[in-house]
Each structure stands twice: as structure tokens, then as C-alpha cells.
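Visitor: following is a predicted model, sequence given first.
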Amino acid sequence: QVTLDESGGGSVQAGDSLKLACLGSGRLFHTYAVGWFRQAPGKEREFVAGVTKTGDVTKYDDSVKGRFTITRDNAQATVYLQMDSLKPEDTATYYCAADVIPVTSWYPGFALDYWGHGTLVTVSS
């Protein structure tokens, strides 16, 4: 089992950057694939980015490719989401989630086992 705690959200202007962090607890954090998801008001939750348990493979939604970068540091039990060139449409609550299923096997609607409580990102124009 793992618990997840997100941090780093805030209010920024369009074009700015933010770096989110997802701190995991539990000795087996390094055995989980981790992803970032977001949910905007009135919209469904959507996948943003994911990283394999070793950090060697990443996956992104097309809407953030080239702007967001997911990385992980297993020694610190932390997964990061570097968000550059932020747009107003990136405004959402961002959640990290973990599962033993490899990120390359995730599909739309796949329900990951463990979730954090979320951190709010607001981008104004």
C-alpha cells in the first residue's frame, strides 16, 4: 500500500511555470507506476502524464506534450510534474495516482488503485 501527497499548486499567469511534487509513503513506492491526472470544474478527470516505476519510460496526453515533464526520484519517493508555458485551460485540480500496472498498459478510464487529495493549479490570462 502507498499514500500520496501532492504539493506545489498555486495561481500563476499564462506562460508561467509550476512544479508539482507527489510524495509517496511506504517502502514499496518504487514498485509503482505513477501518473498525474487533472480535473477542471465541471469536467471529467483526465490523464496528464505517467512514468514507469524505474522512471525510464514516460507517457503524456497530447495536450501537454512539449510543455510538461514528469520525472521521479525513488530515493526521495517523489514524482514531479514540471509544467511550463502554462495556459488558462491547464487550470484544474491535479492529482497523482499510483498502480502496480505498468503505465504503458493504462487505457482511458483505467482506475488506478491509489490517489492523493489533489493540488489546485489556476492559470489566468
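Guide: Noted; the coordinates are in hand.
Visitor: which residue is nearest the middle of the protein?
Guide: If you average the C-alpha coordinates of the chain and look for the closest C-alpha using Cα atoms, centre = their mean, you land on residue 36, 1.9 Å from that point.
Visitor: doesn't residue 50 make contact with that one?
Guide: Yes. Contact criterion Cβ atoms under 8 Å: residue 36 and residue 50 qualify, at 7.4 Å. Heads up, the C-betas are built off the backbone N, CA and C, glycines and all.
Visitor: which residues do those two both contact?
Guide: residue 70 (Cβ atoms under 8 Å, 6 or more residues apart in numbering).
Visitor: what strand or helix carries the residue nearest to the centre of the chain?
Guide: Per DSSP states H and E: residue 36 is located in strand 33-39.
Visitor: sheet partners, orientation included, of that strand?
Guide: strand 46-51 (antiparallel), strand 92-99 (antiparallel) (DSSP bridges).
Visitor: which one of the ones you listed lies closest to residue 72?
Guide: Counting by Cβ to Cβ, residue 72 lies closest to strand 46-51 out of those; the figure is 5.3 Å.
Visitor: got the buried residues for the closest one?
Guide: Buried residues in strand 46-51, defined by neighbour count with 16 or more other Cβ atoms under 10 Å: 47-51.
Visitor: just the residues contacting that strand, thanks.
Guide: 33-39, 57-61, 64, 68-72, 79, 81, 94, 103, 106, 108.
Visitor: off-centre distance for it?
Guide: Relative to its parent chain, strand 46-51 has a centroid offset of 6 Å by Cα atoms, centre = their mean, to the nearest Å.
Visitor: next helix or strand past it?
Guide: Beyond strand 46-51 on the C-terminal side, the first helix or strand identified by DSSP H and E is strand 58-60.
Visitor: residues near residue 83, how many?
Guide: Residues contacting residue 83 under the criterion other Cβ atoms under 10 Å number 26.
Visitor: contacts only, for it.
Guide: If you count contacts by Cβ under 8 Å, 6+ apart, then residue 83 has 17-20, 64, 67-68, 90, 121 around it.
Visitor: name whatever forms a beta bridge with it.
Guide: Note on residue 83: beta-bridge partners residue 18, residue 68, judged by DSSP bridges.
Visitor: residue numbering should commence at 2 henceforth.
Guide: In the new count, where the first residue is 2, that last one comes out as residue 84.
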